[in-house]
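**Student:** Here is my input, please return the structure:
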Amino acid sequence: MGSARLPILLSALGAAAIFVSAAAQSPQGTTAGPAPVQTGAPGAGPPSITAKLPPGMPKGYLSLSQLPDSLALLPPPPAEGSAAFARDEETDKAMARPKDSPRFIQAASDADLKPAHAFQAFACAAGVTPDAKRTPVLYRVMSKAMIDIGLSTYKAKDHYRRVRPFVAHGDTTCSPHDEAVLRTDGSYPSGHSALGWGWALILAELMPDRADAILQRGRDFGDSRLVCNVHWASDVDAGRLMAAATLARLHAEQAFRADLDAARAELARSGTKRAPSVEACSTEAAGLRLQ
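**Tutor:** This next block holds a predicted model:
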């Protein structure tokens, strides 16, 4: 699953699946120059994953047939020359930041989807550091939902194979080591943005008293993809829609609802929550300001 030939998001889902598989067996476990802008050539890039999961990858809460259909739910990405695409281009310019700026550095951190790192993005907003040992149920919920939310984006990704802004403009990104893979992985919708918004929705439900801060962080997680120059604004918007659609579907699953209840009880127990440091949260706050 860690092969560089796999899309970045898919590799990260594999990392989440490793935890899901282990948790299910534990006592706590219950389950170049400017390029064309619009789309890539049909059939180009990595093989489709919408027909079956990669070998050895456990599912989340949903089977592939139960996932929301991103191709049915999303309109086509904006056509070059349209008003919607002009907005994408305008936002791309507005969100650009110097590579040594705090916001660019934070965006680079948000690009890392390894669960042990990515879940920490919400520690300051939630006042809790999701941890595989201290909060195993919460960690499992976020890991399993990560698989469902991420996979929900791939039907449209595989169909449209939209070219990313850094490829279209001949630029670079906040993750230079990932650029070769990103060039062949469809831009629309944004999987990172879907995950950030989906995690935010889950955490906001579990901690309603901190919902505003959590949702703001979920929004900023998606905006980091604009700062990184790897997604258009319409990609990010579409990713958030797929996150909401997937969470709505997950609530129909008894296993998901049971895990949410268990995670809520886990968070209510003393000793399970580890608050992030004031210094770390100050650094994050500075990194999220669009200066």
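**Student:** So what's the residue count around Ala94?
**Tutor:** For Ala94, the neighbour count with other CB atoms under 10 Å is 10. The way it works is simple: take the backbone N, C-alpha and C, and place the C-beta from them, glycine included.
**Student:** no wait, Val128
**Tutor:** 23.
**Student:** Does it touch Leu206 like I think?
**Tutor:** No. In this structure, Val128 is not within contact of Leu206 by CB atoms under 8 Å, at 9.1 Å.
**Student:** Flag every buried residue along stretch 157-177.
**Tutor:** 157-169, 173-175 (16 or more other CB atoms under 10 Å).
**Student:** returning to that earlier point: joint contacts of Val128 and Leu206?
**Tutor:** Taking CB atoms under 8 Å, 6 or more residues apart in numbering as the contact rule, Val128 and Leu206 both touch Leu138, Leu267.
**Student:** What pLDDT does the model give Ala200?
**Tutor:** According to the prediction, Ala200 has pLDDT 98.
**Student:** actually Thr184, sorry about that
**Tutor:** Thr184 is given a pLDDT of 88.
**Student:** quick one, phi psi at the nearest residue to Phe221 once chain neighbours are set aside?
**Tutor:** Of all residues not flanking Phe221 in the chain, Gly196 sits nearest, at 2.9 Å (CB to CB, 6 or more residues apart in numbering). Here is the backbone geometry of Gly196 (degrees, to the nearest 10): phi -60, psi -40.
**Student:** Contacts only, for Gly196.
**Tutor:** Asp110, Ala121, Arg217, Gly218, Arg219, Asp220, Phe221, Gly222, Ser224, Ala243.
**Student:** one more time with 7 Å
**Tutor:** Gly218, Phe221, Gly222 (CB atoms under 7 Å, 6 or more residues apart in numbering).
**Student:** ok, of those residues, which come out buried?
**Tutor:** Gly218, Phe221, Gly222.
**Student:** from the residues you listed, which is closest to Ala233?
**Tutor:** If you rank the buried ones among the contacts of Gly196 by distance to Ala233 using CB to CB, Gly222 comes first, at 9.6 Å.
**Student:** That closest one sits in which helix or strand?
**Tutor:** Gly222 belongs to helix 211-227 when assigned by DSSP states H and E.
**Student:** Ok, Ala248 next?
**Tutor:** helix 233-250.
**Student:** now that helix against helix 211-227, angle please.
**Tutor:** Interaxial angle of helix 233-250 relative to helix 211-227 (axes from the mean of the first three to the mean of the last three CA atoms, to 10 degrees): 140 degrees.
**Student:** list the helices and strands the helix or strand that helix 233-250 is followed by packs on?
**Tutor:** Counting by DSSP H and E, the element after helix 233-250 in chain order, helix or strand, is helix 254-268. When contacts are defined as 3 or more CB pairs under 7 Å, 6 or more residues apart in numbering; DSSP states H and E, helix 254-268 sits against helix 136-152, helix 191-206.
**Student:** what comes up buried for helix 254-268?
**Tutor:** So helix 254-268, judged by 16+ other CB under 10 Å, has buried residues Phe256, Asp259, Leu260, Ala262, Ala263, Glu266, Leu267.
**Student:** before we move on, the earlier item: could you pull out the buried residues of the helix holding Ala248?
**Tutor:** 233-247, 249-250.
**Student:** Can you tell me which of the buried residues of helix 254-268 is nearest Arg289?
**Tutor:** Distances from Arg289 to the buried residues of helix 254-268, taken by CB to CB, are shortest for Leu267, at 28.6 Å.
**Student:** who does the helix or strand hosting Ala280 touch, helix- and strand-wise?
**Tutor:** Assigning secondary structure by DSSP H and E places Ala280 in helix 278-288. In terms of contacts (3+ CB pairs under 7 Å, 6+ apart), helix 278-288 is packed against helix 102-110, helix 123-126.
**Student:** Could I have the CA atoms of it written out in CSV?
**Tutor:** C-alpha atoms of helix 278-288 as CSV (Å, rounded to 0.1, in the frame of the first residue of the first chain):
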residue,chain,number,x,y,z
VAL,A,278,-0.2,26.0,24.5
GLU,A,279,3.0,26.5,22.5
ALA,A,280,1.9,24.1,19.8
CYS,A,281,-1.5,25.7,19.5
SER,A,282,0.0,29.2,19.3
THR,A,283,2.2,28.0,16.5
GLU,A,284,-0.7,26.4,14.7
ALA,A,285,-2.9,29.6,15.1
ALA,A,286,-0.1,31.6,13.5
GLY,A,287,0.3,29.1,10.7
LEU,A,288,-3.4,29.3,9.9
